[in-house]
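Visitor: what would the 3D arrangement of this be:
(2 chains)
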Amino acid sequence: MSSIVEVRALTKRFNELVAVNEVSFSIEEGEVYGLLGPNGAGKTTTISMMSCLIEPTSGAIMVDGYDSVREPGALKAALGVVPQEVALYPTLTAAENLRFWGSMYGLRGDALKRAVADALELAGLADRAKERIEKYSGGMKRRINIAAGILHKPRVLLMDEPTVGIDPQSRNHILETVKDLNAAGMTVLYTSHYMEEVEYLCDRIAIMDHGAIIAEGTLNELRDVVGGMDVVAVKVAGATPEVLERVRAIEGVEGVESAEDALEVLTRSSGSIMGRLVSTLESEGAHVTSVSVTEPNLESVFLHLTGKSLRD
Amino acid sequence: MRNLLTIAAKDTRIMVRDRAALLVMLAMPLGLIFILGSALGNLGEGDSLDAEVAIVNDDTGETGQRFVDALTSAEEIDAVFNIHVRDDAGEVRTEVERGDLTAALVIPADLTDRIMRGEPAPLEVLQDPGSTVSAGVWAAVVRAGVAQASAQIVAGHTLAEALSTPPSAGPPPGADASGASAGVSHGYPGQAQELELDAVHVSELEVELEKEVSMISYYAAAMSGMFLLFGGMFGAFSFVRERREQTLARMISTPSSTAVIVGGKALGVMLIGALQFLVLLVGTRMLFQVDWGADVLAVVLVGFAEVLAAAGLAMALAALGKTERAIGGIAPAFIMLFAALGGAMIPAEQLPSWLLPAQVFSPVYWTIDSFLQLMQGGALVDVAPNIGAVAAIGIALLGFGAWRVRYE
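Guide: Okay, here's the model as predicted:
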């Protein structure tokens, strides 16, 4: 396999802020590569530099053999970009939007017509092609947003959080679309802060935090980072920040993540800490309703590496 | 290049679906032209000034009466002025001062004698200062007609004297022998003078009337000059909206360069402006009978220069304002300032003298001046410097905008 994307020591500074810091990775042809990280981790800035929207402070980007600084036109022609926002014209119809974006990639005449028809079919919206985008639901807009990025059949597709703020049905449609595009040979760089999506889609994953890649590998390789650990999931009511601090202080606890009425505790000795965990919670006034032990996931990895949740 | 056209076509399509923009760019100027033209001018009266003027003939000879007859008998003059032949010069002077009469002509008692002696023959043209346009036309009619008539009377007198001398004396110095013989062969000079006098008056009157612009035509020029710039405001809105909604970033991620994108956005503003100008031209012509002049190419080029200025303004505003709200605040201020300096609200010459030097920076000033010149019978050669000035302002604004605008 050969690398179709090469990113080397990529750095972006905005005055004193280092948004992306010495990021390096490569993507093999035909891979789905995930960039996982919380909001503000530097994923979108990385994508923006790769799509020549902003210039790197330092470092190099090569896509399909083209350098982003020396050959931006050729590099951009090899890329398809699906931005985080729905970047479409609300008062134009779906077909008009797609025709415009196809034209911007140099498609004309019959080739453009075929590309628009194929993209509408892929989005499952061929029967609503003549409706204005402003009348679409959020999920439908997202699907056309993706369709606009693949009209010219790019070799590499950059997708920046393509499922933010949509309903589960549209989300599933998008995930299946990414699978289909990849099965057809398209290389995909997929960024998200939803670990389930990255786990489902990606062959290899880089975890980003504070502008840097803190771990990279396949899903199994990343799980090995927390090898031998378990996740103790606790359903609990009334777990205040003070209670969480008490839990973190329990010997054998490697990390704690909280979300509404649930806690996830990362530990290498789930059997021995369960009793102390429940008694600590109850003694602090929290009410435990269930406790279970699960396999570690990317959330656990991130928690282990950074001490905080992906949602923080 | 094709992507530049693609962007421009897309922007045009979006704009024509924007009802608010269409209201501001088309309905408002047409409405204002109608309201201002009706309130301040003579809507529906064509070129008629309908001015009250008087003639006082104190000349004891025949020349003065010839002038009176010529001025009162010509249908073309009668269609424009209500002429009253009066006896009392003092009374007429008072009426002009009061504004009851727009203008008056006072023919002195020794007019014929002075002309026959070859001396200057001063005529007194009285004008109401509040009716400069109508009075100016009247003065011009009188001045041109009398000057020509006086010359012919003197020439006729000289020829008559020459004919009374022996043939060996030859024509008078400077006289055209063939012309003199032709004039003489058809009768005595006085008859020829009367015919010539009529012809001269009618001819000069037509020329002067072409230079008169009705108020509705004035405001057609003024509102067009001003509202074409509003296309720039909507162009700036479009740019900032694209920046906010990330479509601009998406365009940059395509193989198109930023120069093509900026060019396409500017061309879009110009296409929209061209459509707007076409509607205003046809609309004012059909609804208000505005005559934009005979030189259609010049009118189109003036409009083209103004939409170029609008495109430049769009980019400059997009560079200055980060949000649509900010641009909505500064754009009308810029456009109104340009419009006020340019004479879109009140005639430019009525502005305070200290403001006049600033007019050169207003594309509206050059545009209105061009339109008025063309309406008054001017041609492309007359307005070419103005077109150059508007285009230069547009290119300067475009350059500033392209230099300073942010894409992110």
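
Visitor: B:Val85: what's it in contact with?
Guide: Applying C-beta atoms under 8 Å, 6 or more residues apart in numbering or on different chains to B:Val85 gives the contacts B:54-57, B:68, B:72. C-beta: built from backbone N, CA, C; applies to glycine.

Visitor: what's the distance between the spatially most central residue of chain A and A:Ala249?
Guide: Nearest to the geometric centre of chain A sits A:Ser192, at 1.6 Å (C-alpha atoms, centre = their mean). Separation of A:Ser192 from A:Ala249 (C-beta to C-beta, to the nearest Å): 33 Å.

Visitor: what's the answer for A:Ala239, then?
Guide: For A:Ala239 relative to A:Ala249 (C-beta to C-beta), the value is 14 Å.

Visitor: which one of these two has more residues nearby?
Guide: A:Ala239 (23 against 10; other C-beta atoms under 10 Å in any protein chain shown).

Visitor: ok, now how distant is the nearest residue to that one once chain neighbours are set aside from A:Leu263?
Guide: Of all residues not flanking A:Ala239 in the chain, A:Ala286 sits nearest, at 4.8 Å (C-beta to C-beta, 6 or more residues apart in numbering or on different chains). Counting by C-beta to C-beta, the separation of A:Ala286 from A:Leu263 is 9 Å.

Visitor: overlap of the contact sets of these two?
Guide: What both A:Ala286 and A:Leu263 touch, as defined by C-beta under 8 Å, 6+ apart, is the set A:236, A:239.

Visitor: quick check: phi and psi at A:Glu216.
Guide: Main-chain torsions, A:Glu216, degrees, to the nearest 10: phi -150, psi 140.

Visitor: wait, it touches A:Asp203, no?
Guide: No. Taking C-beta atoms under 8 Å as the definition, A:Glu216 is not a contact partner of A:Asp203, at 11.9 Å.

Visitor: ok, back up a step: contact partners for the residue nearest to the centre of chain A?
Guide: Neighbours of A:Ser192 in contact, by C-beta under 8 Å, 6+ apart: A:34-36, A:161, A:163, A:198.

Visitor: which of those fall within helices?
Guide: A:Val198 (DSSP state H).

Visitor: quick one: the helices in the stretch 151-300 of chain A?
Guide: Shown for the stretch 151-300 of chain A, the helices assigned by DSSP state H, counting those that start in this stretch span residues A:168-183, A:195-201, A:219-225, A:241-248, A:270-283, A:298-306.

Visitor: comparing these, which comes out most buried?
Guide: helix A:298-306 (a mean of 22; mean count of other C-beta atoms under 10 Å in any protein chain shown).

Visitor: what is that one packed up against?
Guide: helix A:195-201, strand A:204-209, strand A:212-217, helix A:219-225, strand A:253-259, strand A:262-267 (3 or more C-beta pairs under 8 Å, 6 or more residues apart in numbering or on different chains; DSSP states H and E).

Visitor: could you dump the ones you listed to CSV with distance to B:Ala220 and mean pLDDT?
Guide: Converted to CSV, these look like this (distance: least, C-beta to C-beta, whole Å; pLDDT from 0 to 100):
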stretch, distance to B:Ala220, mean pLDDT
helix A:195-201, 61, 91
strand A:204-209, 61, 94
strand A:212-217, 64, 93
helix A:219-225, 71, 86
strand A:253-259, 67, 83
strand A:262-267, 72, 86
